[in-house]
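Q: this one's structure only:
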């Protein structure tokens, strides 16, 4: 880890000012940043510590039935917050399927939005990586890329976004509140992360010095609570990143789908909101046929970026599964193995 | 010499007592090597090569030295001289080391410099600042590389080709034949405790806190390397945070010792997790081709097991993967053969169940494939081909309770009634369920060990041997054997271990530590008791006077006349009357060559696995595991069960999780961590049971103990793979099993 | 800015002058305060061996900068037992042979104490397994660990009810 200056601002304004200095990085929990510093991927000149800032650690109910979540709220606290569990159960399930209990106790909401890719070539400073070192190339192409992107990738980058939380946030129209040198602004989560194009080093819409101060879950999304799930495929039962994942929400009225939400994880550089699939579901009777058709639409543009063609079909199937589980109804209590295919399947897989 | 009878019933050995080191371990007081911090200690951090072949053209030593706190940078230019070349292998079980002898790089992760600093932070960043410039050369790191050769020997000196019977005739006689190729990847031990050393020199005396699986070999090699007397090398290794075969002396530890020499201060050097993927050996990849022939009644007519594997460009270790085929199943024709490649990787080595883990996976899946071809239940098929004598040598087994293992395991698992056809079973929610079996086997070996026992005037005992506790329970099991050998309650015996200045306990490996060091302890205790008996029996004041031809037994701190319980004499009284402070016994143990020439010696077991597979998504879980093992006499059932559980979970890991992802262009391991190099987590193991099957072995050694540390992996990996076929109908031959193989 | 931090470690308040802002809580405990019970297995939040309780919550000490936790309470394995009386989790780990080499054990135990405090798993073995999955055990003592955590949870619940 390189030497750095440590700054402990007392206000958000001070933090933004310090963060705007070249070479600054914001330190929240550090569960991702410190790791990247240890392996030499991040070498900030200055750490701006957000842990002693007032005002970023509350969860407030909003008049529309939504929630405003301070950026320094810890993942575990959010996942177990009664209103989140009740109104946004898929968000809680996504959170609890990520990382380990220890990491969830530390990691923050704001930090999770900025979690860097797990692409092993990004993490290996001896490899060419356009995201880490613009213009150096992409050693993931032609390398060990079984788990890389199948949607939205470019010749310059095939990495995926590793977050579970963001998949659920994208599905349910979360909004990111940002404080920056130019003042306050907000941006829908689904527009917050960028596809790589020719500038994979630019991962989000944040400008230097801009600080995530809060996240809003709109009250409208709480309407999906009775039929909301997150499902995540992993290479071991727990404590692993998603191979593919999906967040789904349905509003079912009179036996028909009145509204649908679907987002995929592990498939692209951003959580992948599948709006065409959502539109196709509206008016349909909830069932395997409609779900399969919708999943097909969600992956219509997919193409392999390496030895990962299987992920396209797998993503379709996880989308179908998430929709089936959502249709079956949100369980009264989150399962013992959150988001796992080995969690109970109400109604089973028969038929 | 008087006859001292052995007493087994009601003794210390065989009891499921809790781990004697448990209290230290649950309170954080157990001291592992890296927990030591002698005064004046500096921190050393290795800089490791990021190319797999070529040379280091430049290192920015000035940048590293300029970092505050950095004291010294050790490179080939200033590394202290060694009396022995790092490539020397004259000490047994040695591998060639990379000790900054030149600027060549022969694998990714090879140490190329060491930065020594006042703090760990400074040393770590100093190593990063070296920013090496390389001249890289093209690499070969896969089993598709050209240049296969027949190795001179496999494993530890075994021949690369063995056969009995007529293979052509055996295959010709078969009414069913299968041929299949199985692939297993490069794997890394990944003990939780990284390799490290705290080294302090005092002249030519060397003090080391260092995990090691073999004190004497380590001392021998260090003495030769540094040209110093072995007696001056003091190693403390009371606890290893896991070894699994990777913790004999390693190159990085020698670099720590060199660093301490260079700076003239104590130095601590600990590998990072990433640095454990290169210089500390690994399990080699294999590509194994099995050809089996069977007659209409399911009797094997031929078994051919060919192994393609790899060693490093610069050293030799050939994974002896075909060994299981020599011993497990009867067939009129059996042949095993090897070919090997030289790759630009670190040198492979011994990793828990070397040979058998990889080989029994291939063999057990092939057996399942043949059972399927014959339309037979896989357990019946194995029983049909049960080896009554070791097939390739023709020797009888010293003991073999494998039939009992099959029977007890099958009963506990509920194997009876398993449908033959795959995809026949589902759980309540519609997931596919399958059951598989694998036979477990591992040779029962003996190395060499010595022990010393003392009975003291206060009636207590002292037993010492430099054993190694890697988690298998040496502190406990050896104390039990010691107590039994002395006829004392375990609380009355002081057991000293874990240091190099005690009698050598040999190496902790090959599942032979308990058998070897335990036999030495038993012999030492028996000798001490015999000396005590001589004193008593010759002493007219002793109630035992004159019992010479009848014999005595040691029990509860007394010698008791064998035929008359009322005639007894306490250890304390005997010594008191003799005016002695103590009597001493010494014991040693090694393989009984005569017995080994007459008998085949192996542990056996049967593992039954249930897997549940999501039919659409391919994710799977091993929902039930039952293993039944026969390994001779069991010293501590509680600890042995833990060893079996651990081994079986390694088998699950082998089948489903572990794989080093090598970039074939750079030769780097791209998942050199614990985030992406997967081993099972707690949630992966919902149900596991181990059954200890009774087995008496009068030949294997004085204790009747076979090994338990490694056998659990064997059988389990195959059982899981076979259960996957039974659940899904997909015959996976490439491991670990990938989700995409099971998507259906 | 001063690199002095105040931490309450195992119930004892301490003011510590940090020599370097890079020092993690793990390296502070191990290399500077001689509290070596907390282990370093990966230094990257991937194994759980360094689990401590930070302000009552289990976290990976390797991914926490000491300087950033000024004012925090730290509980490590050394501070868990009360005198000679083991914490119920410690006692249960011995009873169920929930350890072999012992290197991951302090982290397992601190994680278990954290898990029980969180109150989400109760005595449901499947929830305990999931909740303990952030602690790798290469010896694979998982069965004993799960049994120990379930038993300790029961014991602590009984204790609380009796109190």
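A: Ah, there it is. None of these values were measured; they are calculated from a predicted model.
Q: give me the nearest residue to residue B:351, chain neighbours excluded.
A: residue B:283 (3.9 Å; Cβ to Cβ, 6 or more residues apart in numbering or on different chains). Backbone N, C-alpha and C define where each C-beta goes, glycine included.
Q: tell me the secondary structure for the residue of the stretch 401-550 of chain B found nearest chain A?
A: In the stretch 401-550 of chain B, the residue that lies nearest chain A is residue B:430 (3.3 Å; Cβ to the nearest Cβ). Applying DSSP: H, G, I helix; E, B strand; the rest coil to residue B:430 yields a three-state assignment of coil.
Q: isn't it up against residue A:345?
A: Yes. Contact status for residue B:430 versus residue A:345: in contact at 7.2 Å, counting by Cβ atoms under 8 Å.
Q: torsion angles phi and psi at residue B:645?
A: phi -60, psi -50 (degrees, to the nearest 10).
Q: number of residues surrounding it?
A: Per other Cβ atoms under 10 Å in any protein chain shown, the neighbour tally for residue B:645 reads 25.
Q: what's the answer for residue A:146, then?
A: So residue A:146, with other Cβ under 10 Å, has 15 neighbours.
Q: circling back to that earlier point, more neighbours, residue B:430 and residue A:345?
A: residue A:345 (20 against 15).
Q: distance of the most centrally placed residue in chain C from residue C:132?
A: The centroid of chain C falls nearest to residue C:110 when counting by Cα atoms, centre = their mean (2.4 Å). Distance from residue C:110 to residue C:132, counting by Cβ to Cβ, to the nearest Å: 11 Å.
Q: in space, what's closest to the residue of the stretch 401-550 of chain B closest to chain A - neighbours in sequence excluded?
A: That would be residue A:349: by Cβ to Cβ, 6+ apart, it lies 3.3 Å from residue B:430.
Q: hang on, the earlier thing: who's in contact with the residue of the stretch 401-550 of chain B closest to chain A?
A: Counting by Cβ atoms under 8 Å, 6 or more residues apart in numbering or on different chains, residue B:430 makes contact with A:345, A:348, A:349, A:350, B:615.
Q: quick one on the thing from earlier: the residue nearest to the centre of chain C: which element?
A: Per DSSP states H and E: residue C:110 is located in helix C:105-118.
Q: how about whichever residue of chain C sits closest to chain A: what's its closest non-neighbour residue?
A: Of all residues in chain C, residue C:134 sits closest to chain A, at 2.4 Å by Cβ to the nearest Cβ. The shortest distance from residue C:134 to any non-neighbouring residue, by Cβ to Cβ, 6+ apart, is to residue A:100 (2.4 Å).
Q: burial of whatever residue of the stretch 501-650 of chain B ends up closest to chain C, as a residue count?
A: In the stretch 501-650 of chain B, the residue that lies nearest chain C is residue B:649 (3.6 Å; Cβ to the nearest Cβ). Neighbourhood size, residue B:649 [other Cβ under 10 Å]: 28.
Q: can you pull the pLDDT of it?
A: On pLDDT, residue B:649 comes in at 98.
Q: what ranges do the strands span in the stretch 151-300 of chain B?
A: With DSSP state E, counting those that start in this stretch as the criterion, the stretch 151-300 of chain B has strands at B:161-164, B:176-184, B:196-202, B:205-209, B:233-236, B:267-270, B:286-294, B:300-312.
Q: how about the longest helix anywhere in chain B, does it reach chain C?
A: As assigned by DSSP state H, the longest helix anywhere in chain B is helix B:513-537. No. Taking Cβ under 8 Å from any Cβ of the partner chain as the criterion, helix B:513-537 and chain C are apart, separated by no less than 13.8 Å.
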